[in-house]
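Peer 1: Here's my sequence, what's the structure:
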Amino acid sequence: MGRQTHTACIALGANIGEPVRQIEAGFAALAALPDTRLAARSSLYRSAAVGYTDQPDFINAVAVIETALLPHALLAALLDIERAQGRVRDFANAPRTLDLDILLYGDVVMHEPGLTIPHARMLERAFVLVPLAEVAPEAFVPGHGRVRDLAAGADAGSVARLQRMPA
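Peer 2: Residues are numbered from 1 along each chain as shown. Next up is the predicted model:
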C-alpha cells in the first residue's frame with residue numbers, strides 16, 4: 001500500500017442464508033480489497049432485529065481496516081461485496097445475506113446523499129457499539145466521544161457474543 005492509508009471501521013451484519021459464513025466471507029472480502037489491510041476483527045454477536053422485527057436474529061461484527069480507498073470508493077466496494085454475496089434491498093430493515101456499513105473513517109465527518117460518516121444510526125445500535133468497542137475502544141466518534149464510553153452507555157441487553165475470533 002504505497003498511498004496514504006486511513007483507518008476505517010466497518011459494521012457487518014447478516015441474518016439469512018448462513019449468517020456466520022456470510023460474516024466470515026465479508027471479513028475475507030474486506031481483506032481482499034485493493035490497497036486495504038484487515039487490521040482487526042471483532043467476535044461475532046447475536047442480536048434481535050431492529051425496525052422490521054418479524055425476521056431472524058442477526059449475526060453482527062465489526063472490522064477495522066487500513067485502506068487507501070477514499071470514502072466513496074470504499075462505499076462502492078462494500079456495495080459490490082454485498083451484491084456478490086446475494087444482498088437484495090427489498091425494503092428498509094429487510095432480512096439480508098450481508099450488510100456492510102462504514103461506521104468511521106478516520107476523523108472524517110461527511111453528510112452527502114448516500115454516505116454519512118460517522119454512520120447516522122451507530123450510536124443507537126448496541127449491536128454496532130459493542131463489537132466496535134471490542135476492536136477499537138479508543139476510536140473517537142466526532143461530536144460524541146470515545147467508543148468505549150459510548151458502548152458503556154448503550155443498552156446491550158439483546159446483544160450476545162457468540163465466540164472470540166482470532167486476531
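Peer 1: Buried by neighbour count: which residues of stretch 132-141 qualify?
Peer 2: Within stretch 132-141, the residues that count as buried by 16 or more other CB atoms under 10 Å are L132, A133, E134, V135, A136, A139, V141. To be clear about C-beta, it is placed using only N, CA and C from the backbone, and glycine gets the same treatment.
Peer 1: Ends of that stretch, what's the gap?
Peer 2: End-to-end span of stretch 132-141 (CA to CA, to the nearest Å): 11 Å.
Peer 1: In contact with L129, which residues?
Peer 2: With CB atoms under 8 Å, 6 or more residues apart in numbering as the criterion, the residues that contact L129 are M122, L123, V147, L150, A151, A154, A156.
Peer 1: Apart from its chain neighbours, what residue comes closest to the fourth one?
Peer 2: Setting aside the residues directly before and after it, L150 is nearest to L129 in space (CB to CB, 6 or more residues apart in numbering), at 5.6 Å.
Peer 1: and the one you found, how far is that from V108?
Peer 2: Separation of L129 from V108 (CB to CB, to the nearest Å): 19 Å.
Peer 1: buried sites along the helix or strand bottoming out on mean pLDDT in the chain?
Peer 2: Least confident helix or strand, the chain: strand 159-163 with a mean of 85, by mean pLDDT, DSSP states H and E. Burial within strand 159-163, assessed by neighbour count using 16+ other CB under 10 Å, is assigned to V159.
Peer 1: How about residues contacting it?
Peer 2: Residues beyond strand 159-163 that count as contacts (CB under 8 Å, 6+ apart) turn out to be V20, S43, L44, Y45, R46, S47, I59, N60, A126, F127, V130.
Peer 1: what helices or strands is the helix or strand hosting R83 leaning on?
Peer 2: Element membership for R83, per DSSP states H and E: helix 71-84. Applying 3 or more CB pairs under 8 Å, 6 or more residues apart in numbering; DSSP states H and E, one finds that helix 71-84 contacts helix 19-31, strand 99-105, strand 115-117.
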